[in-house]
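Participant: Can you look at this prediction? I've put the sequence above it.
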Amino acid sequence: MMKNFTLKQNVLGLILILLGVFGSAALNQSFAQSYCTPYSYYGCNLNYDYGTTEQVQIKDISKNLIYAKAADGCNTTSSTPNAAGNGFTLISSTPAFTLSSGSKYTLGISVSMTYNNTTVYNGYAINLAAWIDINRDGTFSASEYIATGWGNPVSGNAKGVGGAIMENTFTIPCGVSPGKTRMRIITSYSYTMGASGSCPMGGSGSPYHYYGEQEDYTITLANPASLAAGFYMPSTAYLGTPVKMTNSNPTGYIAHQWDIDDNGSIEYNTTNATHIFNTAGTNCVRLKSQNCLGRDSTLRCINIVAPSSKPVVDFASNTNEVERFGTVNFLDLS
């Protein structure tokens, strides 16, 4: 009996292990698929480095920097025009950052424009394009295109330096398939990729892509795990002075609404808010927040008091004597 029981346990354990392996494989099947490899006709280092991707930045809705790639010039070395892989680089094979469904982000890109390693000073049009494989199926479809409305980023920018960062906003939709996926950026001189142009092949196919660079980034998509509106502010403030209300959830939310006096009127639609209360006594503020799980609200109150006396202006310094061009720190004691 003991042997039969042990055998059944072993078989059951084997089945559970196999289920775990195949289940894990199913969850990661979409990411395991091979992405197409885009390329430009001249690629990198064939003298025509027109529209090289330099700085890349991702910021959240509060403008906090969550990812930054320094200017790095053209990342590959091409030897033959119109060769597969010209100008393409997988910047990160492990997730470089995480994007949450329902959240809005800013993608910033700068480029350089050089000929034979010499900066080209002109106003040539550089077209920027970007995609995120939202459904993690190994392709960048037109519906996953996140690049519209960029200005021309070129104004005589040196290789490895780049010029002004052009920014564009995008939103990760609710209900994404969580896990590893890719973001693709293409910079192209003269030619426009468009929503369906995620895999150009130099001069061999549509869309044509003669000058520029292509970069892929491994990233993570995530869904919110909780819903809870929250913020903090002082418990007391003086009449007529600005009161800062700081959101406890600066990321992972679709929208925030601030209802001053809790009367149904929305005064601010920003992540954080600053308000001047002109009525003494108890003043209440309701924050309404929304993410992919739904809506929630919270109420907090503040006691606004009128000053009982004029302020006494005073300050202190860390030193009474300093050399020319030296630094003095001042502390407000009012």
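Facilitator: Great, that's in hand. Residues are numbered from 1 along each chain as shown.

Participant: ranges for the strands of the stretch 151-300 of the chain?
Facilitator: Applying DSSP state E, counting those that start in this stretch to the stretch 151-300 of the chain gives strands spanning 166-171, 179-189, 212-222, 231-232, 236-238, 242-247, 255-260, 273-276, 281-291, 294-305.

Participant: so who does the residue nearest the centre of the chain touch?
Facilitator: Centroid check for the chain by CA atoms, centre = their mean gives I58 as the closest residue, at 3.2 Å. By CB atoms under 8 Å, 6 or more residues apart in numbering, I58 lies in contact with 65-68, 97, 99, 105-108. C-betas here are computed from N, CA, C, even on glycine.

Participant: The same query, at a cut-off of 7 Å, please.
Facilitator: 66-67, 97, 105, 107 (CB atoms under 7 Å, 6 or more residues apart in numbering).

Participant: for A142, phi and psi?
Facilitator: Dihedral pair for A142: phi -60, psi -30, per degrees, to the nearest 10.

Participant: Buried among the contacts of I58? Need that as a selection in PyMOL.
Facilitator: To isolate the buried members of these in PyMOL, using 16 or more other CB atoms under 10 Å:
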select buried, resi 67+105+107
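
Participant: and Y67, how far is that from L107?
Facilitator: In this structure, Y67 and L107 are 10 Å apart, going by CB to CB, to the nearest Å.

Participant: And D296, by the same measure?
Facilitator: To L107, D296 is 29 Å away according to CB to CB.

Participant: can you check E323 too?
Facilitator: E323 is 46 Å from L107, by CB to CB.

Participant: Nearest to F330, out of the strands of the stretch 151-300 of the chain?
Facilitator: strand 242-247 (21.0 Å; CB to CB).

Participant: Any stretches of the stretch 151-300 of the chain with poor pLDDT?
Facilitator: 151-162 (pLDDT under 70).

Participant: run the last query once more with 80
Facilitator: Where the stretch 151-300 of the chain drops to pLDDT under 80, the residues are 151-164, 190-191, 205-206, 251.

Participant: Next: the stretch 1-150 of the chain.
Facilitator: 1-33, 62, 116-125, 147-150.

Participant: Mind doing that once more with 90?
Facilitator: Confidence mapping of the stretch 1-150 of the chain against pLDDT under 90 gives the ranges 1-34, 43-52, 60-64, 72-79, 84-85, 103-104, 110-128, 147-150.

Participant: All the strands of it, residue numbers only.
Facilitator: For the stretch 1-150 of the chain, the strands defined by DSSP E, counting those that start in this stretch cover 48-59, 65-69, 88-92, 98-100, 104-115, 118-119, 126-132.
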